[in-house]
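*Asks:* build me a structure from this.
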Amino acid sequence: MKKFLITLAAVFAVAVSANAADYKVDDSAIDALIENATEICALDVAEFSNFEAQTSSFSTKRVQPVVALVLNFFVGGFGIHRHYMGTAPGMWALYTFTFGGIFGIVTFVDFIMLIVGTVDDDISQYIDNRSFFMWI
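*Replies:* Reported below is the predicted structural model:
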């Protein structure tokens with residue numbers, strides 16, 4: 001209780017001491033900065049569509065089975081290996097709040113399936129897999 005009260009007092013002291021009136025904004029300096037700024041690049045529609053076509057090939061990444069296996073071994077209980085393989089964004093939360101997927105069982109089965117996939121060098125069925133049990 002003593003630590004809680006000290007922490008609460010410290011937070012209150014910081015909140016009181018942080019006053020917005022202490023911060024000054026120099027409008028003339030901001031206006032001068034904006035007036036002296038130069039435009040760096042203006043893409044027209046044709047250039048942008050060409051740029052988009054060139055960069056779309058970079059968005060597809062190759063998931064390496066060994067990296068997924070190592071991630072599962074060290075931080076599998078948090079679902080980081082699933083994030084690396086492109087699963088749903090909230091899958092880490094399911095792994096974390098179920099203690100590694102039903103007390104580590106899901107993580108262990110993921111590990112075994114990734115070993116098999118690493119040996120075969122084919123984990124394509126697990127990449128972008130949205131289900132909690134990726135092997136089903």
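
*Asks:* three-state assignment of the residue in the chain sticking out farthest from the centre?
*Replies:* Distance from the centre of the chain peaks at S28, with 39.5 Å (Cα atoms, centre = their mean). Following DSSP: H, G, I helix; E, B strand; the rest coil, we place S28 in the helix state.

*Asks:* and the pLDDT for it?
*Replies:* Listed pLDDT for S28 reads 90.

*Asks:* look up how far A37 lies from it.
*Replies:* To A37, S28 is 15 Å away according to Cβ to Cβ, to the nearest Å. In this view, the C-beta of every residue, glycine as well, is placed from N, C-alpha and C.

*Asks:* what's the closest non-adjacent residue to T96?
*Replies:* Excluding its sequence neighbours, the residue lying closest to T96 (Cβ to Cβ, 6 or more residues apart in numbering) is F78, at 5.3 Å.

*Asks:* enumerate every residue touching that neighbour.
*Replies:* F78 makes contacts with W92, Y95, T96, G100, as judged by Cβ atoms under 8 Å, 6 or more residues apart in numbering.

*Asks:* cool, I127 as well?
*Replies:* Per Cβ under 8 Å, 6+ apart, neighbours of I127: V63, M85, G86.

*Asks:* which secondary element of this protein has the worst mean pLDDT?
*Replies:* Counting by mean pLDDT, DSSP states H and E, the chain has its least confident helix or strand at helix 45-55, which shows a mean of 56.

*Asks:* please pull up the helix or strand immediately following that one.
*Replies:* Downstream of helix 45-55, the next assigned helix or strand under DSSP states H and E is helix 65-75.

*Asks:* output the following helix or strand past that following helix as CSV, restricted to C-alpha atoms.
*Replies:* As assigned by DSSP H and E, the chain's next helix or strand after helix 65-75 is helix 80-84. As requested, the backbone C-alpha atoms of helix 80-84 are provided in CSV (Å, rounded to 0.1, in the frame of the first residue of the first chain):
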residue,chain,number,x,y,z
ILE,A,80,5.7,-14.3,-32.7
HIS,A,81,6.4,-17.1,-35.2
ARG,A,82,2.8,-16.8,-36.4
HIS,A,83,3.2,-13.1,-36.9
TYR,A,84,6.4,-13.8,-38.9
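
*Asks:* that'll do, ta.
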